[in-house]
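Participant: generate a structure from the sequence data that follows.
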Amino acid sequence: MLYLKIGASKGDLIQIQIWLANMQDFDAMNEIYDAWIKNYPMWEVL
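Facilitator: Numbering: from 1, shown residues only. Take a look at the predicted model:
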């Protein structure tokens, strides 16, 4: 995760962009995302 290389943390994120090749993967991705980050920044799925 690139943000770790500059000394940032998940709490510093203000936007997350996720690209899915198949929208059928959305539910699985969303479950992982919910477990990974608690204070939700703005995000979009393309």
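Participant: hang on, Ala21 in a helix?
Facilitator: No - read with DSSP: H, G, I helix; E, B strand; the rest coil, Ala21 is coil and lies in no helix.
Participant: give me the packing partners of the lengthiest helix in the chain, helices and strands only.
Facilitator: Looking across the chain with DSSP state H, the single longest helix is helix 26-36. The contact analysis (3 or more Cβ pairs under 8 Å, 6 or more residues apart in numbering; DSSP states H and E) places helix 26-36 against strand 15-18, strand 42-45. Every C-beta, even on glycine, is put in place using the N, C-alpha and C of the backbone.
Participant: can I get the lowest-mean-pLDDT helix or strand in the chain as CSV, trimmed to CA atoms?
Facilitator: Sorting the helices and strands of the chain by mean pLDDT, DSSP states H and E puts strand 42-45 at the bottom, at a mean of 70. Taking C-alpha atoms only, strand 42-45 is exported to CSV below (Å, rounded to 0.1, in the frame of the first residue of the first chain):
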residue,chain,number,x,y,z
MET,A,42,-15.2,9.3,0.1
TRP,A,43,-15.0,6.3,-2.3
GLU,A,44,-16.2,5.2,-5.7
VAL,A,45,-16.3,1.9,-7.5
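Participant: hmm, who's touching it?
Facilitator: Contacts to strand 42-45, defined as Cβ atoms under 8 Å, 6 or more residues apart in numbering, come from residues 14-20, 26, 29, 33.
Participant: widest-spaced pair of those?
Facilitator: Between any two of the contacts of strand 42-45, the greatest separation by Cβ to Cβ is 22.3 Å, found for Ile14 and Phe26.
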